[in-house]
Every structure is written in structure tokens, then in C-alpha cells.
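Peer 1: below are the sequence and a predicted model for it; my questions follow.
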Amino acid sequence: MLDTNRPQLPPEIARRRTFAIISHPDAGKTTLTEKFLLYGGAIQMAGQVRAKGEARRTRSDFMQMEKDRGISVSASAMSFDFASKERNFRFNLVDTPGHSDFSEDTYRTLTAVDAAVMVIDGAKGVESQTRKLFEVCRLRDLPILTFCNKMDREARDTFEIIDEIQENLAIDVTPASWPIGMGRDFLGCYDMLNDRLELMDRADRNKVAESIAMEGLDDPRLDEHIPANLLEQLREEVEMARELLPALNPQSVLEGHMTPIWFGSAINSFGVKELMEGIGTYGPEPQVQQATPREIAPEEKKVAGFVFKVQANMDPKHRDRVAFVRLASGHFTRGMKLTHVRTKKPMAISNPVLFLASDRELAEEAWAGDIIGIPNHGQLRIGDTLTEGEMLKVSGIPSFAPELLQGVRAGDPMKAKHLEKALMQFAEEGAAKVFKPMIGSGFVVGVVGALQFEVLGSRIELEYGLPVRFDASQFTSARWVTGEKAAVEKFINANKQHISYDHDGDVVYLTRLQWDIDRIERDYPDVTLSATKEMMV
Ligand code: G4P
């Protein structure tokens, strides 16, 4: 719940907006991201008009597979400035993995942002992936701003789109703009928040729309720009919208109960600037972070941050890992010594990186809300907290029990040790769960969506030169085992066939029967089986 009595943030923090885009594949996330970067001055016009494949490669696609299949397997972060009419904002856009399998990565990405932009295709409305991602945002009451894209094509009726969002997602929708015409006749939008007419330029896709201030919908100058039939329709619809739909309530937006919707066409650069203005004006400032034993406020002088993603082999020439850290408080400067809370060891952060669109560059400084990358050799794990000494642990970054399990073997049996190393690394990255059964050899790998097996197989081959085979596993469910030491030991001894250890050495019970799980809960009241594990030690 949003606390309205919070102190004012230092200007450098207050100007930050950290968000992710949620959408169904093909709704236009990539195109919208490009336009964000374009207006943020982060990429040049010339680069943008090149083939999209090229533009994609320059950003988050480090993996061969992503290039081949056009899916974004790895999340990354991009920072850019946006000068709105009144203020200069710093936007941090965290890329959510785009493939259709929901993964923990996606969930964790959303723990690092303060808001989400939901992109929907005007012809398709709310699609399955959008709904899933929305539900995750809802778990955290994340504020959501909506962009209804592809209005230059035949789209659904505007009221129908709004109704669908309201009904499907159970959130109030308020129109920030209203489309004029549709498909071939789409002229632009009436900006309902600022009373402006925005006209789309079809001839130049990178041109920002002409924006004309109006004295409301009765302004006679509207006749100069809009054919009579469309103008009449616009007036009728807006009148109806004002009667039937709730007015914008900024507080309600911040609490995640209301989403403002902008209509536009990302490919024509239309509506994008208005959306960016909206993110600046109605999007949240960096928020308080839940942690134990106390929460962390962004304005605190001391730096604290947490790892929400680890990515290995970003640069195939260097076997580095980059931990993506969301700064929860303070003003970070390069070279700072931070405490790695899990190990209680100091870490000098000498080469932090900022992800500026197509490049990574050294981060000389960063503020609460920013995402920095910290190259490391495996010390930093997902869920880890870094502070200036205080033993704080950021909470709420869970690890889910995988829903699909398979055995994995190296194609060449002599390479079993190499395989173990590769698997452990992917487990640390959070790309998969890896379980080493107590009895027998080999490993069981668990994922949330089937595509992840393929991704994993291809990464192990690409990054380690190790062809692998997946086999059906006799198990289908995994549960972490906790309890008093003696009780857990007794449990392990009686169930050796089912016991394995995850990459942290924690005990995991594998089974194929829900019945087994129910039985254990009955027979071993001192032992707890859980489907999630908070990623902290
Ligand atoms: P995604 O990242 O959400 O998967 O979507 P992406 O931006 O890749 O867009 C999917 C397709 O929709 C692309 O077409 C893109 O050009 C198109 N598109 C995006 N925004 C708009 C829009 O406002 N209007 C229209 N009409 N189309 C839009 P494609 O054919 O898959 O790729 P390409 O040939 O354009 O590169």
C-alpha cells in the first residue's frame, strides 16, 4: 500500500522511473522500446531505421538462440533520459523475457521495478501472456500504465477495448487519450488530460505528432483538422466516456487500482511521447523496499541494493557473470565498498556497469531506483543484498518449485564433471533448478516452462561446447524440506530414494505423486514441504 506521508525524495531520486513493459508477443514491445530509446536520445535515428533484427541484436540479444528464434531469453536493463515538458526524467527500463513460457525470471524482473507499461494490440485486446504478467504485477500492486498499440490498423471499438481490460483484469481504466477514426482513417488522438489534438504523420514514421492546444472539444479549430463525421463521432464518444468511465485519479493509479490508457501506433511513433509524459507524471518514484529486519527507504543516505538477476556469459570472450542490482537506497559511487550481507564480506565495487541502450558503460554513480550490473565470479546470487554494513535482507524474491522435471546427461559420459559445472552455473543464474539425487548419478533439472529445456540445452552446448540429452524423469514435483535438524535427518533417512540437493545444498524431496506429499505432511508433522524458497540465506 502506498504511503502518502512519505518524505520528499532528493531530486536525483525523485526523477527516476523504473519500469518494465508487459505484453503478449507481437503486440509491439520491441517497437515501443525502440521509440522510447529514440526519444530518450539513446539511439540515433539512423540506427533505428535499419532492419529491426539489427536493432534487436544491439540490445538484449546476447544469445545465438535469441537471434535465431527472435525471442528474448535474457532480461536486461536500459537507462535513458527523457526531457518532458516540465522535468528531466531518468527512465530505467527493465526488459522482461519475451518468450511465451512464464518463468521465474519474469517474476523476479518485476520485483525490481516500480511500475509496468502494459502494451496491447488494438485488434487483439488482452491476450494470454499479458494476463499472466498482469497477475504478477497485481501480486505486488504495481502501478500499470496501458498503451493500446497498432491503432493505424483495424482495431476494436474503443469502448470494447476498455471494457475488456476492466472486466478481464479487474482494474479501472481511464482514457488518457481518445482515438479519432480507426485503421486507414485513424487520424490521431484527442489528449483528454491536456486538451490537445495530436495528429499522426503517416509519411514519416519517426516524426513526433503535431500537437495543437485546444479549448476543449467545442473548439471550432477542430473542424480544420478533422472531417465532420469523425469529429461528430469523437465528440459523442468522449462525452459518453466522460459519463461512463472514471476520471483519472493519480493516487488510484499509484496504488495499482486504476490504469490510464493511451492509444497510439508505436511504429508510427504516435502516442509514444504522451505515454512517456504519462510515465513521468503518473508513474511512481522509487519505492520503499521490503526487507528484514526493517524496510529500506530510497532517500536513506546509505546505499543498499539487491540482486534480481544473474546473467552469465554475456560476453562470450569473458567468462564473467553480471549480477543485475536494483539500488534500493542512497547514492552509489564507483569504487564503493559494500557489504555482501549473505557472506558478511566486504566487496569493492570497482567496475559497475550501467546499461545505456546499446552499450554497457562504467557507472561512475547511480541512485536509488537505478539498475547497475556488477561483474563478478559467482559470489553474487539472486536475492543477495548489498549494504554499507547493516545486516539487511531484501525479502520477496522467491524461488518457485519447478513444474517440469527431466534428467540430464552429457552426450559424452567423460564430460560429466563439466556438465555439473555448467548446470551449477545455470542454477545460480536462476535459469533452472538443478537437483543432485542422493542416490545414483546424474542430475534432475527442473523448469517452469517446457521451452526452458531447449534454451538450457542450447546454452550448455554453445557456452560449454557440451551436447546434452534430456530424459524423462521418474519425478514430477519438487518440494523444499525444512524443519528441526533431527526431524529432517530422520525424514531423509526414511526417504533416500526421493531426496536430492539443490545448488545451495538445501534438501529437496522429489516425487511424482501428490499423494506422497500429503502423506508426508501427515506422517512428519515436524517437517515442512514447500513449493517456494525465499532466495536468501
Ligand atoms: P513484440 O516485441 O511485442 O513481439 O512486437 P514487435 O515490436 O516486434 O512488433 C510485432 C510486429 O508488429 C512487427 O511487425 C512490428 O513492425 C509491428 N508493429 C509494431 N507496432 C505497430 C504499429 O503501431 N502498427 C502496425 N501496423 N504494426 C506495428 P513484423 O511484421 O513482425 O516485423 P517487421 O517486418 O515490421 O520488422
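Peer 2: Received the coordinates, thanks.
Peer 1: do you know the pLDDT at residue 269?
Peer 2: pLDDT recorded at residue 269 is 92.
Peer 1: quickly note the distance from it to residue 38.
Peer 2: According to Cβ to Cβ, to the nearest Å, residue 269 and residue 38 sit 8 Å apart. Where you see a C-beta, it was placed from the backbone N, CA and C, and this is true even at glycine.
Peer 1: which one of these two has more residues nearby?
Peer 2: Ranked by neighbour count (other Cβ atoms under 10 Å), residue 269 and residue 38 place residue 269 first, with 24 against 21.
Peer 1: how far away is that one from residue 153?
Peer 2: Residue 269 is 15 Å from residue 153, by Cβ to Cβ.
Peer 1: C-alpha coordinates for the helix or strand containing residue 161, CSV please?
Peer 2: Per DSSP states H and E, residue 161 falls inside helix 158-169. The C-alpha coordinates for helix 158-169 follow below in CSV (Å, rounded to 0.1, in the frame of the first residue of the first chain):
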residue,chain,number,x,y,z
THR,A,158,-12.5,1.8,-28.2
PHE,A,159,-15.2,1.1,-25.6
GLU,A,160,-14.9,-2.6,-26.2
ILE,A,161,-11.2,-2.5,-25.6
ILE,A,162,-11.6,-0.6,-22.4
ASP,A,163,-14.4,-2.9,-21.2
GLU,A,164,-12.3,-5.9,-21.9
ILE,A,165,-9.4,-4.6,-19.8
GLN,A,166,-11.8,-3.7,-17.0
GLU,A,167,-13.5,-7.0,-17.0
ASN,A,168,-10.7,-9.3,-17.7
LEU,A,169,-8.2,-7.7,-15.4
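Peer 1: what does the chain put close to the ligand?
Peer 2: Residues of the chain that fall close to the ligand, judged by Cβ under 6 Å from any ligand atom: 23, 25-31, 52, 149-150, 152-153, 265-268.
Peer 1: and the residues you listed, which are buried?
Peer 2: 23, 27-31, 149-150, 152, 265-268 (16 or more other Cβ atoms under 10 Å).
Peer 1: any idea which helix or strand in this protein has the lowest mean pLDDT?
Peer 2: helix 45-49 (a mean of 36; mean pLDDT, DSSP states H and E).
Peer 1: quick one: neighbours of the residue nearest to residue 425 when sequence neighbours are not counted, just the number.
Peer 2: Nearest residue to residue 425 in three dimensions, chain neighbours excluded: residue 312, at 5.6 Å (Cβ to Cβ, 6 or more residues apart in numbering). Burial of residue 312, expressed as a neighbour count using other Cβ under 10 Å, amounts to 18.
Peer 1: what are the bridge partners for residue 312, then?
Peer 2: residue 321 (DSSP bridges).
Peer 1: picking that back up, who does the helix holding residue 161 touch, helix- and strand-wise?
Peer 2: Helices and strands touching helix 158-169, by 3 or more Cβ pairs under 8 Å, 6 or more residues apart in numbering; DSSP states H and E, are helix 128-139, strand 172-175, helix 228-244, strand 258-263.
Peer 1: now do 6 Å
Peer 2: Packing contacts for helix 158-169, counted by 3 or more Cβ pairs under 6 Å, 6 or more residues apart in numbering; DSSP states H and E, involve strand 172-175.
Peer 1: so what does the residue in the stretch 401-537 of the chain that the ligand sits nearest to have for phi and psi?
Peer 2: Minimum separation of the stretch 401-537 of the chain from the ligand (Cβ to the nearest ligand atom) falls at residue 451, amounting to 15.3 Å. Dihedral angles of residue 451 (phi, psi; degrees, to the nearest 10) stand at phi -60, psi -30.
Peer 1: with the one 3 residues further on instead?
Peer 2: Listed backbone geometry of residue 454 is phi -60, psi -40, with angles given as degrees, to the nearest 10.
Peer 1: run a quick neighbour tally on it.
Peer 2: Residue 454, neighbours per other Cβ under 10 Å, totals 15.
Peer 1: measure it to residue 158 for me?
Peer 2: 40 Å.
Peer 1: please apply the same query to residue 387.
Peer 2: 48 Å.
Peer 1: try residue 203
Peer 2: Where residue 158 is concerned, residue 203 sits at a distance of 25 Å (Cβ to Cβ).
Peer 1: neighbour-wise, which of those two wins?
Peer 2: Neighbour count, other Cβ under 10 Å: between residue 203 and residue 158, residue 158 has more, with 21 against 7.
Peer 1: dump the residue contacts of that one.
Peer 2: By Cβ atoms under 6 Å, 6 or more residues apart in numbering, residue 158 lies in contact with residue 179.
Peer 1: so how far is residue 241 from it?
Peer 2: Counting by Cβ to Cβ - residue 158 and residue 241 are separated by 8 Å.
Peer 1: again, but for residue 425
Peer 2: On the measure of Cβ to Cβ, residue 425 and residue 241 end up 53 Å apart.
Peer 1: could I get the pLDDT score of the residue nearest to residue 425?
Peer 2: Predicted confidence (pLDDT) for residue 312: 73.
Peer 1: what's around residue 132, how many residues?
Peer 2: 14.
Peer 1: cool, the one 10 residues further on as well?
Peer 2: Residue 142 has 21 neighbours, counted by other Cβ under 10 Å.
Peer 1: next: residue 442.
Peer 2: 15.
Peer 1: OK, contacts around it?
Peer 2: Counting by Cβ under 6 Å, 6+ apart, residue 442 has contacts 407, 409.
Peer 1: quick one: low-confidence ranges for the stretch 401-537 of the chain?
Peer 2: 534-537 (pLDDT under 70).
Peer 1: could you pull out the strands in it for me?
Peer 2: 404-410, 433-437, 443-447, 468-472, 477-483, 499-501, 507-511, 527-530, 532-534 (DSSP state E, counting those that start in this stretch).
Peer 1: other residues contacting the first one?
Peer 2: In this case it means strand 404-410. Strand 404-410 has contacts (Cβ under 6 Å, 6+ apart) with 416, 419, 442-447, 466, 468-471, 473, 475-476.
Peer 1: quickly run through the sheet partners of that strand, with directions.
Peer 2: Assessed with DSSP bridges, strand 404-410 is paired to strand 443-447 (antiparallel), strand 468-472 (antiparallel).
Peer 1: relative to strand 477-483, how tilted is that strand?
Peer 2: 100 degrees (axes from the mean of the first three to the mean of the last three Cα atoms, to 10 degrees).
Peer 1: only alpha carbons, please: show strand 404-410 as CSV.
Peer 2: This file holds the C-alpha atoms of strand 404-410, laid out as CSV (Å, rounded to 0.1, in the frame of the first residue of the first chain):
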residue,chain,number,x,y,z
LEU,A,404,8.6,-29.8,-15.2
LEU,A,405,11.4,-32.2,-14.3
GLN,A,406,13.8,-34.1,-16.6
GLY,A,407,17.0,-36.0,-16.2
VAL,A,408,20.0,-34.6,-18.0
ARG,A,409,23.2,-36.3,-19.2
ALA,A,410,26.2,-35.2,-21.1
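Peer 1: got a markdown table for the strands of the stretch 401-537 of the chain, with mean neighbour count too?
Peer 2: Below are the strands of the stretch 401-537 of the chain laid out as a markdown table (neighbours: other Cβ atoms under 10 Å):
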| stretch | mean neighbour count |
| --- | --- |
| strand 404-410 | 19 |
| strand 433-437 | 23 |
| strand 443-447 | 23 |
| strand 468-472 | 14 |
| strand 477-483 | 19 |
| strand 499-501 | 18 |
| strand 507-511 | 22 |
| strand 527-530 | 17 |
| strand 532-534 | 15 |
